[in-house]
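Visitor: task: produce atomic coordinates for the following.
(chains A and B)
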Amino acid sequence: DGGITQSPKYLFRKEGQNVTLSCEQNLNHDAMYWYRQDPGQGLRLIYYSQIVNDFQKGDIAEGYSVSREKKESFPLTVTSAQKNPTAFYLCASTYAASGAATDTQYFGPGTRLTVL
Amino acid sequence: GDSVTQMEGPVTLSEEAFLTINCTYTATGYPSLFWYVQYPGEGLQLLLKATKADDKGSNKGFEATYRKETTSFHLEKGSVQVSDSAVYFCAPGRGNKLTFGGGTRVLVKP
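Guide: Model (predicted):
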């Protein structure tokens, strides 16, 4: 079955540690996205990538880093510079990297990160 | 940039009641419009979408019409079920970027 997988589902981190969240898709989608969701709030865009080896900052990129070495994979690293990292992180992908109309974004199940 | 306003909730309904969730947006030009649904502990799923003015998106008994004049995309369902309990997000899209509203929590009681 095609889809987006995120791992782990739950992640605990000590303050001052970097942690990497995995996102993999087998939909052959060009574009991939990372969002952060805080309780009772909407989604905020962290980073997105429209093509391999290229990515752009979203609205809240500070304290995060990404890479896009393969089309299928878009890992997110939460660094120690992120002051309030406890949140629910969602990865998404869409078929076309660009176009006049916005394509549907398909979401993974999310990773809940808790900083202890 | 684009922005979205949607009712905060929670909206509590009895089964078989009529549901309306209001969504208005501010955007330059004519974005595509989406409704996503999030069930507890899960990611978001596309519920429906509309790509141009006067288009009606529909799925699973839900409907929403792209109203250019009022910049709105209100979500409606005629008879809700307990399984419709979730958080609903309105989102205009431009290029391949979505701007999400804060979400509306809906609780349907038997």
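Visitor: now do the residue nearest to the spatial centre of chain A, the pLDDT please.
Guide: Centroid-nearest residue in chain A: A:W34, 2.5 Å away (criterion: CA atoms, centre = their mean). On pLDDT, A:W34 comes in at 97.
Visitor: need the CA coordinates for stretch B:43-60. CSV is fine.
Guide: Once non-C-alpha atoms are left out, stretch B:43-60 reads as follows in CSV (Å, rounded to 0.1, in the frame of the first residue of the first chain):
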residue,chain,number,x,y,z
GLY,B,43,-2.6,12.8,11.0
LEU,B,44,-4.8,14.8,8.7
GLN,B,45,-7.0,13.4,6.0
LEU,B,46,-8.4,15.3,3.1
LEU,B,47,-12.2,15.6,3.5
LEU,B,48,-13.0,17.6,0.4
LYS,B,49,-11.7,20.4,-1.8
ALA,B,50,-12.8,23.0,-4.4
THR,B,51,-10.5,24.6,-6.9
LYS,B,52,-12.5,27.5,-8.3
ALA,B,53,-15.4,29.8,-7.5
ASP,B,54,-18.8,28.2,-7.1
ASP,B,55,-17.3,24.7,-7.1
LYS,B,56,-18.9,22.4,-4.5
GLY,B,57,-16.7,19.8,-2.8
SER,B,58,-18.4,16.8,-1.3
ASN,B,59,-17.4,13.6,0.5
LYS,B,60,-19.0,11.3,3.2
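Visitor: chain center to it, what's the gap?
Guide: 8 Å (CA atoms, centre = their mean, to the nearest Å).
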